[in-house]
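Participant: Next one to model:
(one chain, ligands or ions: 1)
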Amino acid sequence: MLIGKTAVITGAAKGIGKAIALAFAKEGCNIVLNYHSSVSEDTIKEIEGYGVTCLPVQGDVSDFEFAASLMKRVKKELGSVDILVNNAGITRDMLLMRMSEEEFDSVINTNLKGCFNMVRHASNLMLKQRSGAIINMASVVGVMGNAGQVNYAASKAGIIGLTKSVAKELAARGITCNAIAPGFVETDMTDVLTDEQKAKMLEVIPLKRYGRVEDIAEVAVFLAKNTYITGQVIHVDGGMVM
Ligand SMILES: NC(=O)c1ccc[n+]([C@@H]2O[C@H](COP(=O)([O-])OP(=O)(O)OC[C@H]3O[C@@H](n4cnc5c(N)ncnc54)[C@H](O)[C@@H]3O)[C@@H](O)[C@H]2O)c1
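Facilitator: Take a look at the predicted model:
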């Protein structure tokens, strides 16, 4: 169903983004792999191993002009943007009383504005095609809040509002827009937590295991295939939020 389609995935050099890129490649999609600083040759080869094209594009999603140039390049080199996965994200955790303006702005700029930038420019192409699937990476924290993550939780709650609004605006043209809200997934992002913090986290996960990157990638592929789900936030969190 996805053979020959083009999937743009942001922040895909590692973690959840890399797993999503591999999952779409396995389905036969050509992959536009956006990365911020570097991507390993092995990752590119692994994607190409599925017999698809992999176009690695370095750039910062928080830069509006970068998003415009990326979409232009994809249109020119691969012909279309069928799937957009806004996965790039950062954390800069700090208690509110000590959070700097820079810590707040950098997280909002990467996570929320980055998502807007990419959707804004991809939608030009998708509207002309009258089809497309947009998948935004939110978080359970955007739904339930989290002490020490005022910036991150605000960015993820913003992504949920953006997702629902985009879904309403673009539905008439056959474009879906959904969000995935992962719980605790084992990646570099969560690796910074202490063993004590990780053990505490496990206590509030009913399924009693941390999420795997593949758990998230599977849902991204499902949302790209389905054409009758839009404006939804799919929780992939082992039951953390019910
Ligand atoms: N790991 C979790 O438990 C968890 C839970 C909920 C949501 N998420 C979300 O999932 C997404 C992926 O997280 P992850 O756990 O794989 O983290 P990660 O740190 O392994 O990967 C994040 C990726 O985003 C890239 N990135 C950061 N800033 C960027 C920028 N300005 N432009 C382009 N790329 C940029 C990084 O280079 C990195 O490759 C993030 O949006 C994160 O908020 C993760």
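
Participant: Need the pLDDT of the residue of the chain most remote from its centre.
Facilitator: When distances to the mean C-alpha position of the chain are computed (C-alpha atoms, centre = their mean), the maximum falls on residue 97, with 29.2 Å. pLDDT, residue 97: 98.

Participant: got it, and the one 4 residues further on?
Facilitator: Confidence per residue is given as pLDDT, and for residue 101 that number is 98.

Participant: Can you report how many residues lie near it?
Facilitator: Residue 101: 7 surrounding residues under other C-beta atoms under 10 Å. The C-beta positions use only the backbone N, C-alpha and C, and glycine is treated the same way.

Participant: any residue of the strand ranked longest in the chain up close to the ligand?
Facilitator: If you go by DSSP state E, the chain has its longest strand at strand 175-182. Yes - using C-beta under 6 Å from any ligand atom, strand 175-182 comes into contact with the ligand via residue 182.

Participant: buried set for the helix or strand that that strand is followed by?
Facilitator: Next helix or strand after strand 175-182 toward the C-terminus (DSSP states H and E): helix 188-191. In terms of neighbour count (16 or more other C-beta atoms under 10 Å), helix 188-191 has its buried residues at residue 190.

Participant: and the next helix or strand after helix 188-191, does that touch the ligand?
Facilitator: On the C-terminal side of helix 188-191, the nearest following helix or strand under DSSP H and E is helix 195-203. No - if you take C-beta under 6 Å from any ligand atom as the test, helix 195-203 misses the ligand, and the best it gets is 9.2 Å.

Participant: hmm, who's touching helix 195-203?
Facilitator: By C-beta atoms under 8 Å, 6 or more residues apart in numbering, the list of residues contacting helix 195-203 from outside reads 184, 190, 193, 208, 209, 210.

Participant: How about stretch 113-124?
Facilitator: Contacts of stretch 113-124 (C-beta under 8 Å, 6+ apart): 8, 10, 60-64, 66-68, 70-71, 81, 84, 86, 88, 132, 134, 136, 159, 162, 166, 170, 175, 177.

Participant: Which elements pack onto whichever strand or helix holds residue 71?
Facilitator: Here residue 71 sits within helix 64-78, counting by DSSP H and E. Packed against helix 64-78 by the contact rule (3 or more C-beta pairs under 8 Å, 6 or more residues apart in numbering; DSSP states H and E) you find strand 6-9, strand 30-35, strand 54-58, helix 114-129.

Participant: and these, which is most packed in?
Facilitator: Highest mean neighbour count of the helices and strands packed on helix 64-78: strand 6-9, a mean of 28 (counted as mean count of other C-beta atoms under 10 Å).
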